[in-house]
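*Asks:* Dropping the sequence and predicted coords here.
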Amino acid sequence: MTKSVKSAAIGIALSRGDLDSLNQPLATAFSDYLGAADAAHQHITLREVLTQTAGMNTDSADQTDLAVNPIRALLQAPLMAAPRAC
């Protein structure tokens, strides 16, 4: 998923009130997927995903899962660095 598509989708969700803010952790923004997130992923914010500083290695994410269920794939993508350390 490209950065512009993620930005547009999150912007729409923010304007509709579906999301609280860019500082909202992914795990609370997408609580249906909380079980898929480990402790390291639970504190990554929407802002970090948008600015590509979440530390996620999406290149190694399951590409089939990324196409079918991108939120689950993001929450399961391995971390290659601590958030904001990128």
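*Replies:* Good, I have the coordinates.

*Asks:* Skip ahead from the lowest-mean-pLDDT helix or strand in the chain and say which helix or strand is next.
*Replies:* Using mean pLDDT, DSSP states H and E, the weakest-scoring helix or strand in the chain turns out to be helix 63-68, at a mean of 70. Sequence-wise, the next helix or strand downstream of helix 63-68 (DSSP states H and E) is helix 70-76.

*Asks:* For that following helix, name the packing helices and strands.
*Replies:* Packed against helix 70-76 by the contact rule (3 or more C-beta pairs under 8 Å, 6 or more residues apart in numbering; DSSP states H and E) you find helix 26-29, helix 63-68. Glycine gets a C-beta too; all of them are placed from N, C-alpha and C.

*Asks:* List the buried residues for the shortest one?
*Replies:* By that I understand helix 26-29. Residues of helix 26-29 classed as buried: 26-27, 29 (neighbour count, 16 or more other C-beta atoms under 10 Å).

*Asks:* Now render those as CSV, adding pLDDT and distance to R47.
*Replies:* As requested, those are exported to CSV (pLDDT from 0 to 100; distance: C-beta to C-beta, whole Å):
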residue, pLDDT, distance to R47
L26, 81, 10
A27, 79, 14
A29, 82, 11
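
*Asks:* Specify which member of the residues you listed is nearest to P70.
*Replies:* Comparing these against P70 with C-beta to C-beta picks out L26 as the nearest, at 11.6 Å.

*Asks:* doesn't T45 make contact with the closest one?
*Replies:* Yes - using C-beta atoms under 8 Å, L26 and T45 qualify as a contacting pair, with a distance of 7.0 Å.

*Asks:* ok so, going back, how about JSON lines for the buried residues of helix 26-29, with distance to S15 added?
*Replies:* Putting the buried residues of helix 26-29 into JSON lines (distance: C-beta to C-beta, whole Å) gives the following:
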{"residue": "L26", "distance to S15": "19"}
{"residue": "A27", "distance to S15": "22"}
{"residue": "A29", "distance to S15": "15"}
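
*Asks:* Thanks a lot, catch you later.
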